[in-house]
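[1] quick one: sequence and predicted model below, then my questions.
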Amino acid sequence: AAAPGRAQVFAAVVDTFLEKLVAAGSYQRFASSYRSFYKLQPEMTRSIYDQFVSQLRTSIKEEIQEVKNEGNLEMLFNSLDKIVEEAKSHKEPAWRPSGIPEEDARSAVVPYLLKHRSYLRKILKEKEEENRKVAESVLAGRGRIAELQQLIRARKQAWQ
């Protein structure tokens, strides 16, 4: 059987907490705290205790559910379970700091910078190729302009 998820473990911890809380506030303690009332009406004392415990459980469960909803704990627990499962498939050990901040920073930054340099070189080659084509186009345009100017001069001379 698969291990219970973190959300299930959290729910079990909350339930255990509630049971221990109720056990710590047993009926005997409650009755001893209200001894004179208990001596007069033991059934009523038991009823009050039962209502108190019931409302205490309900309010604690509602508060915890509100915290779970506000913090989106269910989704976070599931996400954490998923990350742990994915990590089990990795053969290599997880990264750990060496204790030397400069080396740790370098080991984290250098791969990124190398990848970025490779990307920038690729973009540079593309831009250089684009500029070469534009330069050829400009030179061809200038050549065509020179030809047209020559043609204009020749026709102007022929006309005169």
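    Perfect, I can see it now.

[2] domain map for the protein?
    6-87, 112-159 (the TED database).

[3] CSV for those, including mean neighbour count, mean pLDDT and distance to Glu103?
    C-beta: built from backbone N, CA, C; applies to glycine. CSV is the format used below for the domains of the chain (neighbours: other CB atoms under 10 Å; pLDDT from 0 to 100; distance: least, CB to CB, whole Å):
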stretch, mean neighbour count, mean pLDDT, distance to Glu103
domain 6-87, 12, 90, 24
domain 112-159, 10, 96, 15
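
[4] closest one to Ile100 among those?
    domain 112-159 (18.7 Å; CB to CB).

[5] would you turn the domains of the chain into CSV with distance to Ala94?
    Listed next are these as CSV, based on distance: least, CB to CB, whole Å:
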stretch, distance to Ala94
domain 6-87, 7
domain 112-159, 18
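
[6] nearest to Ser98, out of these?
    So among the domains of the chain, domain 112-159 is nearest, using CB to CB, at 17.9 Å.

[7] and that closest one, how far from the chain's centre?
    Domain 112-159 sits 48 Å away from the centroid of its parent chain (CA atoms, centre = their mean, to the nearest Å).

[8] for Gln65, see how far away Pro58 is.
    Check again: residue 58 is Thr, not Pro. Using CB to CB, to the nearest Å, one obtains 10 Å as the distance from Thr58 to Gln65.

[9] next one: Ala154
    Taking CB to CB, one finds Ala154 at 93 Å from Gln65.

[10] follow-up on the earlier one: among the domains of the chain, which is nearest Arg106?
    Among the domains of the chain, domain 112-159 comes nearest to Arg106, with 9.6 Å by CB to CB.

[11] got phi/psi on Ala94?
    Dihedral pair for Ala94: phi -70, psi 160, per degrees, to the nearest 10.

[12] count of residues packed around it?
    6 (other CB atoms under 10 Å).

[13] contact partners for it?
    Ala87 (CB atoms under 8 Å, 6 or more residues apart in numbering).
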